[in-house]
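1. Structure of the sequence below:
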Amino acid sequence: MHKLIAIYAMPADPVAFDAHFADIHLPLVLAIPGLARVLVNHNLPIPWGDAPGAYQFVEMHFDDEKSFKLAMASTENAATGRDLHNFAKGLVTLHIVRETGNFVP
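-> Numbering: from 1, shown residues only. Purely as a prediction, here's the structure:
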């Protein structure tokens, strides 16, 4: 499985960020062809009181490298990227990973 993981820093206006993400950005993400699953994770405060290191993590899952590459070359992904630079410039880092194990106790 291939994943694109977006890690977002704390936005200046979390309410406006969340609204844009839910109403505009997420529908663009969901239109990307070959996408198998999207997980949106919001960071919670750390139990000992420190602020979390990031605001939100978004995982875009693709079944394999071929579907990932096709998705990244799509016009839908290009539109998603333009919007990302629009509302999250300076807030997001992207990571492309290949899942190598799933360990359950």
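2. buried stuff in whichever strand or helix holds residue 38?
-> Assessed by DSSP states H and E, residue 38 sits inside strand 35-42. Residues residue 35 are the ones in strand 35-42 that count as buried (16 or more other C-beta atoms under 10 Å). C-beta: built from backbone N, CA, C; applies to glycine.
3. Show residues contacting it.
-> Contact with strand 35-42 is made by 1, 26, 29-30, 55-63, 67, 71, as judged by C-beta atoms under 8 Å, 6 or more residues apart in numbering.
4. Strands - which of those land there?
-> Under the assignment DSSP state E, the contacts of strand 35-42 contribute 56, 57, 58, 59, 60, 61, 62 to strands.
5. Export those residues as TSV, with columns for pLDDT and distance to residue 9.
-> TSV is the format used below for these (pLDDT from 0 to 100; distance: C-beta to C-beta, whole Å):
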residue	pLDDT	distance to residue 9
56	96	9
57	96	11
58	97	13
59	97	17
60	97	19
61	97	23
62	97	25
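6. Show residues contacting stretch 58-73.
-> Residues outside stretch 58-73 that contact it (C-beta under 8 Å, 6+ apart) are 1-6, 8, 29, 32-41, 77, 96, 98.
7. Tell me what the residue nearest the centre of the chain is bridged to.
-> Centroid-nearest residue in the chain, with C-alpha atoms, centre = their mean: residue 58, separated by 3.0 Å. Here residue 58 shows beta-bridge partners residue 6, residue 40, assigned using DSSP bridges.
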